[in-house]
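**Q** How does the following fold in three dimensions:
(one chain, ligands or ions: 1)
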Amino acid sequence: MDTMTFLDKLNPQQRQVCVNEGNILLKACPGSGKTRTLTYKLAYSVQKYITSKKLNIAITYTNRAADEIKERLEKIDIPEDKVWVGTIHQFCLEFIIRPYTMYNERLRKGYHIIDDYVTKQYTDEIIEELGIDIGYDKPFEYPEIFEKYQTKLLNEKEIDFNDILSISYDLVNQNKFIAENIAGIMRTILVDEYQDTNELQYKILSSIVKCNKNIQVTFVGDTDQAIYGGLGGVAKTCDELQKEFGVKFQEKRLDGCYRTTQRIVDYYSNFQLQSAKIYAVSDIKDEKGCLVYDDTISKSELFEKIAYIVKEELSRGIPDNEICIIAPQWWLLFPLSKKIKELLPNVKFDAPDITPIKYDPMNVFYLISKLIFTESGQKIHLRKKIANEIIEILTEEYKIYLSDEIDNYKILKIINSISETDENGVVYLQKAINNFLIEIGIDLNIESRLQKAYEDFILKVKDRVKNNHLSTDIDTFKQCFKEKEGVVINTFHGVKGEEYTTVIAFGILNGYIPHWDTIINKPHYRESETKKLLYVVCSRAKQNLYLFSEQGRTTQKGAPLTSTDEIVAIDYKYDDLK
Ligand SMILES: Nc1ncnc2c1ncn2[C@@H]1O[C@H](COP(=O)(O)OP(=O)(O)OP(=O)(O)O)[C@@H](O)[C@H]1O
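**A** Just a heads-up that it's a prediction; the model follows:
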């Protein structure tokens, strides 16, 4: 697509941000087109410097957001070799850790990345060994737990997600040539949801930018949506960014909300911390839609009511992927997911975390599984990329020697020749992975680190199947890798940045939102944290919003949970729930 054609799809303020050559801090309200602008800015930079080999980088907070931007870029036909889109952890792995492994003592002899599942396994073991009761505290608030955990990782040659950041920072900070090399291949760095960026992430990026002040940096976000403060997210000001990066930043804003009706905007403005009036500018701005809050429904009736709402919305012509059901935590969604599938057997559901295999593109067994469970004749380009990634992880991270004849072609040939031998997905997965490894010349009995990672992976799959009462047929496994489709079931945090015609949220109870940890340990942040999360939740809806503080849930000791104070405090004339 020609450059001008896609810029036409932006308003003048958004277009200005796209064509601006300086560094920008863009702050704006939900639905104002921040992600749209960032995507087009990326596309604009590619088109403007079409003959340049330099890369245009977009850093997103989640894998889902990265996929969304990639899809949008695909639609406007942007050459993919000029852009890179992914999370900060993927950025660090791809541009810093993998190419410069030999410059880090800890990584040099091989390493592998563990996820939060293994971290929890380790911390649970350590807590038991130490015999301490941590209550609602986070394990790493106890230095003795943290120390033992670190020793465990060192012994196992493992690194976790935090290590990815700290090792990356050490690499770019202690070896100027690494930062210079990376800076030399980049043209732009755009960061979405910047309010959730932590100090270390800013430092990694600034170490690179300081080596090439021609890199154009853009931070995009909304401080009212800063829901990861607990994980160290900091929304820096323009001055702070200038100090950190050593270059000038201009602050820019976008006005108007393209997503939502004015009624919903006015409602979620009750949770806004900064008082700036938001105007709906979409075609549906004057629609009444539906705005329901119910704090009388009992827990036992809730799932049937939600199923009824979904059915009604579908019958009114709302597409399934325009409806989402959300709750503060995954464990609240497992029983909902099971029940609603029974109640609405003909409706498709997309529950990204209620699947046997967790999305984890940095895990070699996830990548092998993806090749095993997806069609061999489709998306050949992507399959080749995954095969290359598998070779890279095995040789670079696990330091396994593969014979010269193992290339992406051979990997795909082996995977494609594996036939379905078992109806049980878990058994088939194990057999297929083992066959594959034998065929490429890897003996798990010799490669102990790979064997441990394999066992962790299979254990996690089994746990997920058991805990979520999932079916083990092969189709359930194939489903994990299908394109997103159906009514979305996700957490409040998981739908950040997304939008749906109808949002159905439940579990709005003191103890869940705000979480006990906030109520007990950080009471002074209680109001702001709760309001920010409710602001994010309600601003996902384009037209219809159903909120529930169901009755009948209790604490572990049996005390009833009450409706979240911050929503009860709102004086609003809601629609009746039919
Ligand atoms: N200029 C525009 N014309 C028409 N639609 C627009 C325009 N700008 C944005 N939109 C649409 O408005 C919706 C919200 O845009 P986007 O997701 O980029 O907002 P955002 O500011 O990133 O929101 P959030 O802060 O909630 O993540 C999208 O459907 C987008 O396509």
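**Q** The residue of the stretch 101-250 of the chain found nearest the ligand - how many residues pack around it?
**A** In the stretch 101-250 of the chain, the residue that lies nearest the ligand is residue 222 (5.1 Å; Cβ to the nearest ligand atom). Placement of C-beta: from N, CA and C, glycine included. By other Cβ atoms under 10 Å, the residues close to residue 222 number 23.
**Q** Please read off the pLDDT at it from the model.
**A** As predicted, residue 222 sits at a pLDDT of 89.
**Q** which residues touch it?
**A** The contact partners of residue 222, by Cβ atoms under 8 Å, 6 or more residues apart in numbering, come to 27, 28, 29, 30, 34, 195.
**Q** What strand or helix carries the residue nearest to residue 403 when sequence neighbours are not counted?
**A** For residue 403, ignoring the flanking residues on the chain, the nearest one in space by Cβ to Cβ, 6 or more residues apart in numbering is residue 441 at 5.9 Å. Remark: residue 441 resides in no helix or strand, with elements defined by DSSP states H and E.
**Q** residues contacting residue 441?
**A** Here residue 441 is in contact with 402, 403, 406 (Cβ under 8 Å, 6+ apart).
**Q** Then residue 344?
**A** So residue 344 contacts 307, 310, 311 (Cβ under 8 Å, 6+ apart).
**Q** With distance to residue 290 added, can I get those in CSV?
**A** Supplementary listing: the contacts of residue 344 in CSV, determined by distance: Cβ to Cβ, whole Å:
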residue, distance to residue 290
307, 17
310, 13
311, 15
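**Q** out of the residues you listed, who has the most neighbours?
**A** Among these, residue 310 has the most neighbours (other Cβ under 10 Å), with 22 neighbours.
**Q** and the host helix or strand of that residue, C-alpha only, in CSV?
**A** Element membership for residue 310 (DSSP H and E) is helix 299-315. The C-alpha trace of helix 299-315 is given here as CSV (Å, rounded to 0.1, in the frame of the first residue of the first chain):
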residue,chain,number,x,y,z
LYS,A,299,-22.8,-17.1,42.7
SER,A,300,-24.9,-20.2,41.9
GLU,A,301,-27.0,-18.3,39.3
LEU,A,302,-24.1,-16.2,37.8
PHE,A,303,-22.8,-18.6,35.1
GLU,A,304,-26.3,-19.3,33.8
LYS,A,305,-27.0,-15.5,33.7
ILE,A,306,-23.7,-14.9,31.8
ALA,A,307,-24.6,-17.7,29.3
TYR,A,308,-28.0,-16.1,28.8
ILE,A,309,-26.4,-12.7,28.1
VAL,A,310,-24.0,-14.2,25.6
LYS,A,311,-26.9,-16.0,23.8
GLU,A,312,-28.9,-12.8,23.7
GLU,A,313,-26.0,-10.8,22.3
LEU,A,314,-25.3,-13.4,19.7
SER,A,315,-28.9,-13.5,18.7
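**Q** Can you tell me what sits against whichever helix or strand comes after that helix?
**A** With elements assigned by DSSP H and E, the helix or strand that comes after helix 299-315 is strand 323-327. The contact list for strand 323-327, computed with Cβ under 8 Å, 6+ apart, reads 306, 310, 313-314, 333, 336, 340, 487-492, 494-495, 498, 500-507, 512, 537, 540.
**Q** What pairs with strand 323-327, parallel or antiparallel?
**A** Counting by DSSP bridges, the strands paired with strand 323-327 are strand 487-491 (parallel), strand 500-505 (parallel).
**Q** could you give the angle of that strand to helix 299-315?
**A** If you take axes from the mean of the first three to the mean of the last three Cα atoms, to 10 degrees, strand 323-327 sits at 160 degrees to helix 299-315.
**Q** What residues of the next helix-or-strand element following strand 323-327 count as buried?
**A** Using DSSP H and E, the helix or strand that directly follows strand 323-327 along the chain is helix 330-343. Neighbour-count burial for helix 330-343 flags 330, 332, 333, 334, 336, 337, 340, 341 (criterion: 16 or more other Cβ atoms under 10 Å).
**Q** quick one, helix 330-343 and strand 487-491 angle?
**A** Calculated by the same axes, to 10 degrees, helix 330-343 forms an angle of 160 degrees with strand 487-491.
**Q** Adjacent strands (with direction) for the very next helix or strand once past helix 330-343?
**A** Once helix 330-343 ends, the next helix or strand along the chain (criterion: DSSP H and E) is strand 349-350. Sheet pairing for strand 349-350, assigned by DSSP bridges, gives strand 487-491 (parallel).
**Q** Quick one: mean pLDDT over the partner strand.
**A** Strand 487-491 carries an average pLDDT of 95.
**Q** Name the residues that touch it?
**A** 310, 320-321, 323-330, 333, 336-337, 340, 347-354, 495, 498, 500.
**Q** 7 Å instead?
**A** Residues from elsewhere that reach strand 487-491 (Cβ atoms under 7 Å, 6 or more residues apart in numbering): 310, 320-321, 323-330, 333, 336-337, 347, 349-352, 354, 500.
**Q** send the alpha carbons of that strand over as CSV?
**A** What follows is strand 487-491 as a C-alpha-only set of coordinates in CSV (Å, rounded to 0.1, in the frame of the first residue of the first chain):
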residue,chain,number,x,y,z
VAL,A,487,-16.2,-15.4,22.7
VAL,A,488,-13.1,-14.4,24.6
ILE,A,489,-12.6,-15.6,28.2
ASN,A,490,-9.7,-13.8,29.9
THR,A,491,-8.6,-11.9,33.0
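**Q** that older thread, would you turn the strands paired with strand 323-327 into a markdown table with mean neighbour count?
**A** Listed next are the strands paired with strand 323-327 as a markdown table, based on neighbours: other Cβ atoms under 10 Å:
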| stretch | mean neighbour count |
| --- | --- |
| strand 487-491 | 23 |
| strand 500-505 | 24 |
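**Q** related to what we said a few turns ago, quickly name whichever of the contacts of residue 441 is closest to residue 516.
**A** Of all the contacts of residue 441, residue 516 sits closest to residue 402, with 48.8 Å by Cβ to Cβ.
**Q** re earlier: for the contacts of residue 222, pick the one with the most neighbours.
**A** That'd be residue 29 among the contacts of residue 222, by other Cβ under 10 Å, with 26 neighbours.
**Q** what residues are up against the closest residue to it other than its chain neighbours?
**A** Of all residues not flanking residue 29 in the chain, residue 278 sits nearest, at 4.8 Å (Cβ to Cβ, 6+ apart). Listed by Cβ under 7 Å, 6+ apart, the contact partners of residue 278 are 29, 257, 265, 269.
**Q** Need the max-distance pair from the residues you listed.
**A** 257 and 269 (10.3 Å).
**Q** more crowded one of the two?
**A** Between residue 257 and residue 269, counting by other Cβ under 10 Å, residue 257 is the more crowded of the two (25 against 17).
**Q** Show me which residues of the stretch 151-300 of the chain sit near the ligand.
**A** 222, 225, 258, 259 (Cβ under 6 Å from any ligand atom).
**Q** now do the chain
**A** So the chain meets the ligand at 10-11, 14, 28, 30-36, 222, 225, 258-259, 497, 499, 539 (Cβ under 6 Å from any ligand atom).
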